[in-house]
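S.K.: My questions concern the predicted model and sequence given below.
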Amino acid sequence: MTFVGTIGQSALSRLRQTTHIFALLGSILVQAAVPRHWPRTTRAVFARQVLFTGVEALRFVALVAFLTGVSVVAQAQVWLSKAGQSGLLGNILVAVIMREVAPLLVNFIVIGRSGTAVAVELANMKVSGEIKVLEAQGLDALLYLAIPRALAFALAIFCLTVWFTIIAFVSGYAFGILFGAGASDPLIFTNTILKGLHPADVYNLLAKTLIPGLFTAGICIREGLSVRYSITEVPQAATRAVVRSIAALFIISAIVSVLTYV
Amino acid sequence: MNADNPILQFKDVTMAAAPLEYAGLNQVNAAFLPGTLSVIRVEPGNEVLPLADLAQGLLNPTEGSILFQGEDWNTMTAEQALAKRAQTSRVFDGHGWISNLNVNENVTLAQRHHTARPIAEILAEAEALARAFGLRELPKVRPALMSRQDLRRAEWIRAFLGQPLLVLLERPMRGVAREHLPRLSGAVQAACQRKAAVLWLTDNDRIEQQPGLPSAAHYAMRGMNLVKMA
């Protein structure tokens, strides 16, 4: 094949993958809106996935948020007070933590903790014939496996990002006080943050958590189920799932930022 | 349900072999009536057949058609096929478990998914079946933590739970001590009495002489052909 042909084939392959992800997510959202597609077994899978992806990640996310708060918020307080620009604190913290750092880091954590787990779990199920076992019992793999996982990812990422933001602000405020910078009254600090918050930030937060959450789940489900015969394909599928989820995360994040703030 | 209308019917079914998965079929014609047991003897070396997958509409035949309750699997929508499959049950020839669910969750999965029966009622029926099959209780561990024999008997529980219309038993005695055969025969007999059709694929000719089994239609695989025995 010619060099140009190879490039074209690669581009077409990527286009097909992207189209497939969009089709999968479209099916998930449409089917999820039908109440009869939520029998108690599917609800149980959803609850279990929220537990694994959201609740069990709370402590680790809190640790990362605490350290981020110490390094970012405390520094911002120190430097802005030295520069006599403490009034900008709210705007800067909202711009850095809430708009960018919190959604990105939480998405990374979920991709690493749960995205890989879902890709490996589904790949193993496919290789060992468990998808057929489900279908033989009249369970639709999309309804039983994909819908609850995708929605649980989106919900968990949103909640974890809110959790991350609160902890980062609290820890940053506490360390700012410890180093003698910033407002000592927590109400003044809270007020500064709230003043820096605009409706667009809420849309931005929703878009940067719910959309990447759905895409991460869709990509990991697709890569997991793309395995065909051999157990050796499983780690390859997991690697592809992580790389593509991260790529999708940055693309979505950039698009949302441009659409929200430019 | 009319006793003369087959629950499952194969009409001129031909299926190409998939060398790594199953042996092929050629021009298979058979009707499985309510309340009947059909024993199909498989040939050594060709034990794994696509019959159960075809019977549940999981595979499309290369030629011919398969009717479940008079409807061709091929003409049903995906949703209709899922609803029909919920009326069937199966002991799988290969791996038949969802690894990340406990055995009790696996056994009751289809009933919890398709019916509104209270969980306690489903569990009570499963516990009763577990005891009937010689298990102390319904196992509550991951499938990987159970012995092959106990796991096979747990598959029997799933196959007879919820009174399915069509019970597919793919070599259900594989890995199970012969002393448990009367327990399975009893469940087959009870299923036939309530007008289910039971297909029992076996590679063991002694099973056919088991007392307590209802009178059966006997078939045997000869190469790719399904032959009805006298």
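M.R.: Right, received. Where do you want to start? Note that the coordinates shown come from a computational prediction; the quantities given were computed from them, not determined experimentally.
S.K.: ok, the residue nearest to residue A:90 when sequence neighbours are not counted - how many residues close by?
M.R.: Nearest residue to residue A:90 in three dimensions, chain neighbours excluded: residue A:196, at 3.0 Å (CB to CB, 6 or more residues apart in numbering or on different chains). (C-beta placed from N, C-alpha, C; glycine too.) Neighbour count of residue A:196, defined by other CB atoms under 10 Å in any protein chain shown: 18.
S.K.: okay but residue A:196 is in contact with residue A:91, surely?
M.R.: Yes: using CB atoms under 8 Å, residue A:196 is in contact with residue A:91, at 4.1 Å.
S.K.: Report the separation between the residue minimising distance to the centre of chain B and residue A:257.
M.R.: What sits nearest the mean C-alpha location of chain B, by CA atoms, centre = their mean, is residue B:168, with 1.4 Å. To residue A:257, residue B:168 is 55 Å away according to CB to CB, to the nearest Å.
S.K.: Could you do residue B:65 as well?
M.R.: To residue A:257, residue B:65 is 56 Å away according to CB to CB.
S.K.: could you measure residue B:173 against residue A:60, distance?
M.R.: Taking CB to CB, one finds residue B:173 at 49 Å from residue A:60.
S.K.: Enumerate the residues of chain A near chain B.
M.R.: A:39-42, A:121, A:124-125, A:128-130, A:132-140, A:144, A:229 (CB under 8 Å from any CB of the partner chain).
S.K.: On the three-state scheme, the closest residue to chain B within chain A is what?
M.R.: Closest to chain B within chain A is residue A:138: 3.6 Å, counting by CB to the nearest CB. Three-state assignment for residue A:138 (DSSP: H, G, I helix; E, B strand; the rest coil): coil.
S.K.: so how far is stretch B:154-173 from its chain's centroid?
M.R.: 5 Å (CA atoms, centre = their mean, to the nearest Å).
S.K.: sorry, back to before: of the residues of chain A next to chain B, buried ones?
M.R.: The neighbour-count test (16 or more other CB atoms under 10 Å in any protein chain shown) marks A:39, A:41-42, A:121, A:124-125, A:128-130, A:132-140, A:144 as buried among the residues of chain A next to chain B.
S.K.: Would you mind telling me which of residue B:173 and residue A:60 has more residues around it?
M.R.: residue B:173 (21 against 13).
S.K.: would the more buried one count as being in a strand?
M.R.: No: applying three-state DSSP, one finds residue B:173 to be coil, outside a strand.
S.K.: Contacts only, for it.
M.R.: Residue B:173 makes contacts with B:152, B:180, B:181, B:184, B:202, B:204, B:207, as judged by CB atoms under 8 Å, 6 or more residues apart in numbering or on different chains.
S.K.: just for chain B, where's the confidence low?
M.R.: B:1-3, B:205, B:208 (pLDDT under 70).
S.K.: cutoff 80 now
M.R.: B:1-4, B:19-21, B:204-214, B:230 (pLDDT under 80).
S.K.: Flag every residue of it that's near chain A.
M.R.: B:20, B:52-53, B:56, B:58, B:78, B:82-86, B:88-90, B:92, B:94-100, B:109-110, B:112-114.
S.K.: Using PyMOL, make a named selection holding only the buried ones among those.
M.R.: Entered in PyMOL, the line below selects the buried ones among the residues of chain B next to chain A, by 16+ other CB under 10 Å:
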select buried, chain B and resi 52+53+56+82+84+85+86+88+89+90+92+96+97+98+109+110+112+113+114
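S.K.: returning to that earlier point: OK, contacts around the residue nearest to residue A:90?
M.R.: A:89, A:90, A:91, A:92, A:93, A:94, A:95.
S.K.: Let me know whether my guess that the last one is in a helix holds.
M.R.: Yes: using three-state DSSP, the assignment for residue A:95 is a helix.
S.K.: Could you report the distance from the closest residue to it other than its chain neighbours to residue A:87?
M.R.: Closest residue to residue A:95 apart from its sequence neighbours, by CB to CB, 6+ apart: residue A:196 at 7.6 Å. Per CB to CB, residue A:196 is found 10 Å from residue A:87.
S.K.: and if you look at residue A:204?
M.R.: From residue A:204 to residue A:87 the distance is 22 Å (CB to CB).
S.K.: Look at these two and report which has more neighbours.
M.R.: Per other CB under 10 Å, whichever of residue A:204 and residue A:87 has more neighbours is residue A:204, with 22 against 11.
S.K.: Now do the contacts for the closest residue in space to that one that isn't next to it in sequence.
M.R.: Leaving aside its sequence neighbours, residue A:204 sits nearest to residue A:260 (CB to CB, 6+ apart; 4.5 Å). Each residue near residue A:260 by CB under 8 Å, 6+ apart is listed here: A:200, A:203, A:204, A:207.
S.K.: ok, so of those residues, who is nearest residue A:64?
M.R.: When these are compared for distance to residue A:64 (CB to CB), residue A:204 wins out at 20.2 Å.
S.K.: Could I get the average pLDDT for whichever strand or helix holds the closest one?
M.R.: Under the criterion of DSSP states H and E, residue A:204 resides in helix A:199-225. Helix A:199-225 shows an average pLDDT of 95 in the prediction.
S.K.: What residues sit buried inside it?
M.R.: Buried, per 16+ other CB under 10 Å, within helix A:199-225: A:201, A:204-205, A:207-225.
S.K.: Mind giving me the packing neighbours of that helix?
M.R.: Using 3 or more CB pairs under 8 Å, 6 or more residues apart in numbering or on different chains; DSSP states H and E, the elements in contact with helix A:199-225 are helix A:3-32, helix A:102-110, helix A:116-127, helix A:147-178, helix A:233-261.
S.K.: Arrange the ones you listed in a markdown table, one row each, with mean pLDDT and distance to residue B:132 as further columns.
M.R.: What follows is those, written out as a markdown table (pLDDT from 0 to 100; distance: least, CB to CB, whole Å):
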| stretch | mean pLDDT | distance to residue B:132 |
| --- | --- | --- |
| helix A:3-32 | 92 | 38 |
| helix A:102-110 | 96 | 46 |
| helix A:116-127 | 96 | 30 |
| helix A:147-178 | 92 | 34 |
| helix A:233-261 | 94 | 39 |
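S.K.: so what's residue 93 up against?
M.R.: As the question left the chain open, I've gone with chain A. A:72, A:73, A:76, A:169, A:172, A:192, A:193, A:196.
S.K.: Chain B, not that one
M.R.: Contacts of residue B:93 (CB under 8 Å, 6+ apart): B:47, B:48, B:52, B:170, B:171, B:174, B:201.
S.K.: Run through the residues that contact the nearest residue to the second one once chain neighbours are set aside.
M.R.: Distances taken as CB to CB, 6+ apart place residue B:22 nearest to residue B:48, at 4.8 Å, with adjacent residues excluded. Applying CB under 8 Å, 6+ apart to residue B:22 gives the contacts B:48, B:49, B:50, B:53.
S.K.: what's the closest of the residues you listed to chain A?
M.R.: Nearest to chain A among those, with distances taken as CB to the nearest CB, is residue B:53, at 7.7 Å.
S.K.: Residue 38: neighbouring residues, count only.
M.R.: The chain I'm using is chain A. Using other CB under 10 Å: residue A:38 sits among 16 other residues.
S.K.: Correction: the question concerned chain B.
M.R.: 19.
S.K.: Using PDB, write out every CA atom in the helix or strand containing it.
M.R.: Following DSSP H and E, one finds residue B:38 within strand B:37-41. C-alpha atoms of strand B:37-41 as PDB (Å, rounded to 0.1, in the frame of the first residue of the first chain):
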ATOM      1  CA  LEU B  37     -38.200 -35.400  26.700                       C
ATOM      2  CA  SER B  38     -35.900 -35.700  23.700                       C
ATOM      3  CA  VAL B  39     -32.600 -37.400  24.200                       C
ATOM      4  CA  ILE B  40     -29.900 -36.500  21.600                       C
ATOM      5  CA  ARG B  41     -26.800 -38.700  21.600                       C
END
